[in-house]
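In: need a structure here:
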Amino acid sequence: MTSTVNTGNQLMKGIANGLSLVQVAEGSLQSIIGLLQRMRELSVQAVNDTLTASDRSMLNQEFQSLNAEIDRISLNTQIFDRYPLAPPKEIPVTDPTPIGDTQPIDQILTADAKSFPSGLKSLGYIPKGFTDVTLNLDSFGNDDDIQIFSADGTHLLGTPILTNTDPVWSSKGITSSATANSEIINTANAFDTGASYDGSVLSTATAYDINTLANTNVYKGMTIKFSGDGHASGQYLEKVTIDVVTENLVLMVIGNGIFNASGTWTEPPTVVPSSDPFSEDTSIVLSAPLGQSIETLTIKATPSDTTSLDTADSQIATASGATAAIGKIDQAIQKLNENAVGYGALVSRLTSAADNLSVMVLQAVASRSSIMDADYALEAAKLAAQQILKDSSTAVLAQANALPNNVLSLLDQQLG
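Out: Below you'll find the model as predicted:
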């Protein structure tokens, strides 16, 4: 019971801290909502054609000051060394590293053509974040074809496997999803663990044109353009472009010969994490029963800086800019209102948890006191009984010691 009482008291302290964090965050959130409402008011005013460029410029000065104040509040809302409204932690961008046995293309290809053998092994993978990717292939009269897959096994570009009229796959023994999974879809080739072949989004190239790249596949924000396979008409050059790579892509060249390949792309800049405060989720322990699992409540971070709210680049110096700003501000206010509702729900839950713990602790204290008081009464009764026995024994002993003396005294009186 003592452990229950001590644990309960500590849990109530943690929940009280969680309540403080939520209340501080919600208070600052309401301040930011107020700033956004003033920014919206200014934006609506700036849309009017009756304003001059000078008028809008002055309105824009206040607008930008309010935007800067939003960032100041989000970065300085702090309690228990937590920053619930700050931007999320930046994920550093580092140079791509090998996946399985497969190197990133920046370690394989260059702008100058290099020779490679075709086969069932990945040539390389195209890392997420690369932009303006261009790949060129010259198969020197051999039927070597470019293939591009997502890391989960989705076939995005190249020669179909399941409806294959081109021997480029069958000559390698790949004629079904099962053979593709067993021979090429593996982690050594930079595919994800558990990846499986999927040819459902692969569209057959309808025409060959090395200049217009008329064959296009759009997948998860990537526009992939392809020249098509021209070997049937004696064309052995192939070309692929990708505007932006939103996830790692596996590059293969399937065939039976030697080919030349080259490539160009733009790599994302290396990002060094900022030393500025950042927000992250906070876990609060609600219960920790002896011998049982700990129950926690997660207070989600709510980044409320101008970048997270998408108002950082907004301006109302022009009517069109003010119109665009209104749309972004409306979305930002809606987002923060949803976050405020979430904080309100957390206050209710944490308050309920604290009240419940308080009742449990009081009951445990009362039970412990009752048990301890009963023990004290029992021990006191035992002590009294022992004291009575001791006193009785002492009295009997005193009387026994006095008897011989009394007899001698009587004899003295008789003889005297």
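In: would you list every one of the helices in the chain?
Out: Counting by DSSP state H, the chain has these helices, from start to end: 2-47, 53-76, 167-170, 177-183, 306-309, 319-415.
In: From Asn181, how far out is Ser314?
Out: Taking CB to CB, to the nearest Å as the measure, Ser314 falls 49 Å from Asn181. For every residue, glycine as well, the C-beta is placed using N, CA and C.
In: Which one's more surrounded, the two?
Out: Per other CB atoms under 10 Å, whichever of Ser314 and Asn181 has more neighbours is Ser314, with 23 against 16.
In: thinking Leu162 is in contact with Thr179, fair?
Out: No: judged on CB atoms under 8 Å, Leu162 makes no contact with Thr179 at a distance of 10.7 Å.
In: Compare these two (neighbour count), which wins?
Out: Thr179 (17 against 14).
In: Dihedrals phi and psi, the nearest residue to that one once chain neighbours are set aside?
Out: Of all residues not flanking Thr179 in the chain, Gly173 sits nearest, at 6.2 Å (CB to CB, 6 or more residues apart in numbering). Geometry field for Gly173 lists phi and psi as phi 80, psi 10, criterion degrees, to the nearest 10.
In: Compute the number of surrounding residues for Gly173.
Out: Around Gly173 there are 10 other residues, counting by other CB under 10 Å.
In: Equivalent analysis for Val44, please.
Out: 15.
In: what sits against it?
Out: Listed by CB atoms under 8 Å, 6 or more residues apart in numbering, the contact set of Val44 reads Ala322, Ile326.
In: same deal with Pro88?
Out: Phe278, Ser279, Glu280, Ala301, Pro303, Ser308.
In: Restricted to buried residues, select those residues in PyMOL.
Out: Per 16 or more other CB atoms under 10 Å, the buried members of the contacts of Pro88 correspond to this PyMOL selection:
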select buried, resi 278+279+301+303+308
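In: returning to that earlier point: the residue nearest to Thr179 and Glu183 touch, don't they?
Out: Yes: with contact defined as CB under 8 Å, Gly173 counts as touching Glu183 (6.9 Å).
In: low-scoring pLDDT stretches of the stretch 1-150 of the chain, where are they?
Out: Scanning the stretch 1-150 of the chain for pLDDT under 70 picks out the ranges 1-8, 93.
In: any residues touching stretch 15-25, and which ones?
Out: The contact list for stretch 15-25 (CB under 8 Å, 6+ apart) reads 77, 79-80, 82, 84-85, 282, 284, 286, 297, 299, 302, 343, 346-347, 350-351, 353-354, 357.
In: So for it, what gets flagged as buried?
Out: Neighbour counts over stretch 15-25 (16+ other CB under 10 Å) mark Ile15, Asn17, Gly18, Leu19, Leu21, Val22, Val24, Ala25 as buried.
In: Distance check, the nearest residue to the first one once chain neighbours are set aside against Ile326.
Out: Spatially, and ignoring its direct neighbours in sequence, Ile15 is nearest to Ala354 (4.7 Å; CB to CB, 6+ apart). Counting by CB to CB, the gap between Ala354 and Ile326 amounts to 42 Å.
In: now Ile242
Out: Ile242 sits 35 Å away from Ile326, going by CB to CB.
In: between the two, which one's more packed in?
Out: Ile242 (25 against 19).
In: Give the bridge partners for the more buried one, please.
Out: Taking DSSP bridges as the rule, Ile242 bridges to Val133, Ile224.
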